[in-house]
Structure formats: C-alpha cells, structure tokens
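Enquirer: any chance you could fold what I've pasted below:
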Amino acid sequence: MHKKLYAALALLLLTSLALGACGPAATPVPEPTEAMVETEAPVADTPVPLPGAGYIACQVSDTGGTDDKSFNQFAWVGMEVAAEQLGVDIRFLESRGEADYEPNLNAFVEEGCDMIFGVGFLLNDATTAAATANPDVSFVGIDHFSPDVANYLGSFYNIHEATMLAGYLAAGMTETGIVGVYAGINIPPVTAFSDGFYMGIQAYNAAHGTDVSLEGWDPANPEGGLFTGDFTDTDKGRTATETLLDLGADIIMPVAGPVGAGTLAVLEERGTGLMIGVDTDWSSFYPDQAEFVLASAMKRMDLVVFDAIDAGVNGAFAGGNFTGNLENGRVGMTVGSAWIDQIPADLMAEIEALAAQIISGEVSAVYPR
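Expert: Here you go, the predicted model:
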C-alpha cells in the first residue's frame, strides 16, 4: 500500500471588484463621502492550530532509511500521517549499525524530543537504557517489548497469524508443489514470519490431502534456515532467490526487508515465479513489478506509530506492551494488486475462514516447539 499523506489544503481566493460610475458629461462625479472611504477588506479567518503543534516526535531506525520500501519506511509513514493530521514536528536518524543506537537515541533526547521511537528488535537494549535514564521522555519500541518502565511502550506483532494465511495461499497457488522462504537474521521477529508460513502450508495440506513442501525453513531446525545475514544487501537476496528457484520453488517469501528487492529482480529477469512481500504491500511499493507480487503479510507499524503519537499529544500516553494481531488489524495479509481477480473464490473463502479461526483461537498459528 503506497503511503498516503492524508493532507487537505484549502485555498481562499479574494477578488476585488473595481466599481466605476459613468454618466452624461454634464453630470459631475460625486465627491467620495466618509462612508464610502471607510470600507475595509475582509479579514481572513485565523487558522486553528493542530493539536500537536509544538510536539516533537523522533524516530531512530536500524539499518535502512525512510525510503527502504519496507520496515523502516512503513514506520515512517505513521510519522508522516501524524505530522499532517496532528501537526507534530517529526525527525529521523538512521543507524548504520549497533554502535549508532545509543548515540542516536541520546541525540534526540538532547534535541528535546517529546517521544522517541526505536524501530527494530535490535534497538531493544539501547531503547530500554534510554527510557530508564530519561523518565520525562516517552519512548516507543517497534518490534520489542518494554520492561517495567512507565515511560516506555513496547510493541510486538503476531505476524505468524498473517503469514499463516500467506502460506495457505501459496500452497493453494503453487504449480510445482514447492514454495520457498529466506530471511535476514535469525531473531524471533524474523523467524516468526517463517513459522507462520510453514503452519499455513501444513494447514492447506491437511485440508486438501496435498504434499506442498517448504524450502529454506524447517521450524524443527531453526539453525538450518536460509539466511542472508543482513537487511540491506540485495545481491544476497538475488542469490537466495536463485537457490530456491533452482530447488523448484515457484513462490518465495523473502523476510529480509529491502533485501527482497533482489527477489523481485530475479523473478522479473527470469519471467517466472511469484513472491510474498512482508511488512508492507509490495505491489504498491513496487508497482512496476506488481505482477510478481502474489500477496503481502503486513505489519501495520504505521498505525501503531500514529496511535502512540496521538496518545502523547492528548496526554494519554502510557507505558506497557502492545501486541498487534489479526483481531485488532495490526497484522494482516493483502492480495497483490495484479492478483486480486486471479485467485479462485473458493481458496479465498478458505483463507477468510482460517483467519476467523485464528482470531477465535480455534486454530493456532504458533509452531508447537
């Protein structure tokens, strides 16, 4: 889903009309009277300030900037919406590596930020330390839980619920009977994607008596998964994609942020295969390659970011932990724009039923370790 700025700008055009009088030459033009010269131009209404005027919201990312078309950019979209709708001042610092986490967070404290976001699981420790040391500043963690710190709101996402739906879809759409997945780094928020994907494939197999297999991930052997080792090198994404295609996979889910652009490049070059995007709607962020994006498993970080800022602006911010899931709409699966009318109706009905079962607790998307 391409980011929307939701901005509305009203323009008021005032046109003055010149009034003239004309008559027979013998009729003198009247001298201006006091009433005639006292007419004043109307005064424009004073704009009403937005509720967040003067509030400063700041975001520190892990590697990857606000234009990575993935995790960091979607979190930044929430900041942009808050700027447009609430009038807050938004600022951003990108971390090049672990050594930047603490300095970036502290720099924003020194700048007087009212709320500081640490975006990414790897910022957890640095965000915890900064929140503990600065109790008058609100902190929000994206993809990590906060400890018992009153000014720190952590957020985590049951993304396995969304990828279970994506796995079910991939199993129903594969032509080779093999789907694939690779990931960036072996950390819980990342491997949760692959776990749910596996569970969705198994649910489809159980429902249809098929034997669709998954390459690149075995939840019983997490260390044996296919990892690129980072979230930035698209060449590694290309290599992982070629490996999976050569193993027979025709639908691939890259769980590695912008590294997944390497997958799209290979699919386009070969003219075959599909991908499942993650975090954002990849068919919107990559419209020129939308035909290769079957669906995306989304983390609605944009909504969580906006909600936190809105609470801060209105004096309702509180620490604790928030979990995004299918029920509250903070995770979900969206079908790619080029595939909306190409997925069989009965398969979509099964996926909708599965989503309802996950929400009710009848079906678990968690791999039973």
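
Enquirer: from here on, contacts and neighbour counts on C-alpha atoms
Expert: Fine.

Enquirer: just the pLDDT for the residue most central in space within the chain.
Expert: The C-alpha lying nearest the average C-alpha coordinate of the chain belongs to residue 74 (CA atoms, centre = their mean; 3.1 Å). At residue 74, the pLDDT value in this model is 89.

Enquirer: secondary structure element for it?
Expert: helix 71-86 (DSSP states H and E).

Enquirer: surely residue 151 touches residue 137?
Expert: Yes - using CA atoms under 8 Å as the test, residue 151 is close enough to residue 137 to be in contact (6.8 Å).

Enquirer: higher neighbour count, those two?
Expert: In this comparison of residue 151 against residue 137, neighbours counted by other CA atoms under 10 Å, the higher total goes to residue 151 at 22 against 17.

Enquirer: which residues touch the more buried one?
Expert: Taking CA atoms under 8 Å, 6 or more residues apart in numbering as the definition of contact, the neighbours of residue 151 are 131, 135, 136, 137, 138, 139, 318, 319.

Enquirer: can you tell me which of those residues are in strands?
Expert: 138, 139 (DSSP state E).

Enquirer: closest to residue 164 among the contacts of residue 151?
Expert: Within the contacts of residue 151, proximity to residue 164 (CA to CA) peaks at residue 319, which comes in at 30.0 Å.

Enquirer: check contacts around the closest one.
Expert: Taking CA under 8 Å, 6+ apart as the contact definition, residue 319 lies against 149, 150, 151, 152, 153, 154.

Enquirer: re earlier: how far does the helix holding residue 74 sit from its chain's centre?
Expert: Relative to the centre of its chain, helix 71-86 is centred 9 Å away, using CA atoms, centre = their mean, to the nearest Å.

Enquirer: and if you look at stretch 173-192?
Expert: 19 Å.

Enquirer: contacts for it next, please.
Expert: Outside of stretch 173-192, the residues within contact range by CA under 8 Å, 6+ apart are 121, 143, 157-160, 170-171, 194, 211-217, 223, 225-231, 240, 244, 248-257, 259, 343.

Enquirer: got a ChimeraX select line for the buried ones in those?
Expert: Buried members of the contacts of stretch 173-192 can be picked out in ChimeraX with the line below, counting by 16 or more other CA atoms under 10 Å:
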select :121,143,157,158,159,160,170,171,194,212,213,214,215,216,217,225,226,227,228,230,231,240,244,248,249,250,251,252,253,254,255,256,257,259
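
Enquirer: can you pick out the ones from the contacts of stretch 173-192 that are in strands?
Expert: Within those, membership in strands is found for 157, 213, 214, 215, 251, 252, 253, 254, 255, as judged by DSSP E.

Enquirer: between which two of the residues you listed is the distance greatest?
Expert: Spatially, the most separated pair among the ones in strands among the contacts of stretch 173-192 is 157 and 213, at 25.7 Å (CA to CA).

Enquirer: break the protein into its domains for me.
Expert: Domain ranges of the chain: 56-157, 159-298+339-360, per automatic domain parsing.

Enquirer: now distance to residue 330 too, for those, in JSON lines please.
Expert: Compiled in JSON lines, those are given as follows (distance: least, CA to CA, whole Å):
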{"stretch": "domain 56-157", "distance to residue 330": "7"}
{"stretch": "domain 159-298+339-360", "distance to residue 330": "8"}
